[in-house]
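>>> Let me see the structure of the following:
(chains A and B)
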Amino acid sequence: MKYISKIRSRIYRQYFSAMLAILLLAVSAGSEAATVLLRRPIPLLPEAATQLNQVHTGKDPRMWQLVVFGFAHCKDVCPASLANLSMLVKAAAAEKIRIGGIFVTIDPDRDTDAVLSQYTKAFGTDLGYLRLEGGELERFKAAFSVETAFYTKNAGNMLNYQVDHSTTAFLIDPAGNIRVIFDALTDATDIEDLFRRNRTLFES
Amino acid sequence: MIRPGALLPLLMVFSLTVSAMQIDADPRTIVSFMDKGLSPELDILSVATDISPDNHLVFQVKTRGERARGEAADHLLLRILHEKVYVLLVPINKGDGDKVLMYETTLQSDNTLLPDAWKALQENSLPAGLNARRIVNGAEFILPVDWIDFAKDFGFDAYTVSAQVQGDTLEISRVHDQAGKGRGGSSMFSAITLLNKLCTPQRLRSRRD
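Below you'll find the predicted structure:
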């Protein structure tokens, strides 16, 4: 009897694991990403271009910008995005391409200047951050079609909530045009290749 | 203590609820209402977009069934709103091949309606890489990413229709089903949204625990 019960619970465990695997697959389905070198660059609205330029004030005005979105309390995805961003800024410098990395917070309520300064420095001193609030942040997100969904954030819970967000990243030329769209998590090596193999893009 | 056997149905209900919430909120997907009054091959269940690794935009249209032979005028049609209105169509009958046809017209004041008459794109205006392929219970329409102007808005919907091709014009005589029926027509969104992948750490973590 004990033996049968053991077998039954093993079968249940296997079913349970299979269901979990299916669920995780369903979540990650469609996670195929692509790096898109835009045939028709997208000019940013002057407000968004100015806000980006303010991050690296005093640096070379002919500098390109690599922009990723996220929030400092993100444990799973944003650290990987930031690590990629830092790696790409270094890879560009090695190819003598002037690029500044910018992390834009989508969660300014928790991401104060102090939090962001410490957070970005942990990934390299060559990264800057942008913290906008309210309507300014909404317009900036809209300029890049950034999608966000806040979970369990309410008046009684302003600290322990989670945010889903798009992981799309952007390469912007010195004139304020989006030139390349890629996934910050999966496409960093494509951008690294771009630095090496498509230098004319950065001379245009 | 919950018996392991009781967890399975609970998990299934939970997963369906979560995936339904995700799908409804996702502009890249249309989940269609099932209509058992229609033949299975004319009843659209869903439309989903994805970007392929070789930089093509893929629209996957799934129907409740499929057929090899039948009324030749029946077509599976994808409508795209992107500066103009475009339709791509393939025959419903698998036996009639999977050659994709593409037509266009100007944007109308009311884009909830599917116009009756369409003009074919000239051969040299067809996007390079335009394609379609059969899948089980449906078809995939494939367009090169380069064809999209990411500075503009984008919208899509899928239909099953009766349509006649005469010369370089297409006439739609009857709409059998529309994926976005009852949703007030195609919603438009920024074309960049097509490229967005959402990270969902909360859901991933809650399922791992």
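>>> From here on, just use CA atoms for contacts and neighbour counts.
Fine.
>>> Run a quick neighbour tally on the residue of chain B at minimum distance from chain A.
Shortest chain B-to-chain A distance, computed as CA to the nearest CA: residue-wise this is residue B:198, at 4.2 Å. When neighbours are counted by other CA atoms under 10 Å in any protein chain shown, residue B:198 registers 20.
>>> Tell me what it is bridged to.
residue A:166 (DSSP bridges).
>>> surely it meets residue A:165?
Yes. Using CA atoms under 8 Å, residue B:198 makes contact with residue A:165 at a distance of 5.3 Å.
>>> mind listing what residue 65 touches?
Since no chain was named, I'll use chain A. Counting by CA atoms under 8 Å, 6 or more residues apart in numbering or on different chains, residue A:65 makes contact with A:52, A:99, A:100, A:101, A:102, A:170, A:171, A:172, A:173, A:174.
>>> try again with chain B
Contacts of residue B:65 (CA under 8 Å, 6+ apart): B:39, B:40, B:41, B:42, B:43, B:137, B:138.
>>> out of these, which are buried?
Among these, those classed as buried by 16 or more other CA atoms under 10 Å in any protein chain shown are B:40, B:41, B:42, B:43, B:137, B:138.
>>> Narrow those residues to those in helices?
The helices, defined by DSSP state H, take in nothing from the buried ones among the contacts of residue B:65.
>>> I'd like those as JSON lines, with pLDDT and distance to chain A appended.
Listed next are those as JSON lines, based on pLDDT from 0 to 100; distance: CA to the nearest CA, whole Å:
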{"residue": "B:40", "pLDDT": "97", "distance to chain A": "25"}
{"residue": "B:41", "pLDDT": "97", "distance to chain A": "25"}
{"residue": "B:42", "pLDDT": "98", "distance to chain A": "25"}
{"residue": "B:43", "pLDDT": "98", "distance to chain A": "24"}
{"residue": "B:137", "pLDDT": "97", "distance to chain A": "19"}
{"residue": "B:138", "pLDDT": "97", "distance to chain A": "18"}
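>>> will you turn those into JSON lines that also has distance to residue A:133?
Shown next, in JSON lines, are these (distance: CA to CA, whole Å):
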{"residue": "B:40", "distance to residue A:133": "50"}
{"residue": "B:41", "distance to residue A:133": "50"}
{"residue": "B:42", "distance to residue A:133": "48"}
{"residue": "B:43", "distance to residue A:133": "46"}
{"residue": "B:137", "distance to residue A:133": "47"}
{"residue": "B:138", "distance to residue A:133": "45"}
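>>> where in the chain is pLDDT low?
In the absence of a named chain, this looks at chain A. Where chain A drops to pLDDT under 70, the residues are A:1-33.
>>> oops, chain B please
For chain B, the ranges with pLDDT under 70 are B:1-25, B:184-186, B:201-209.
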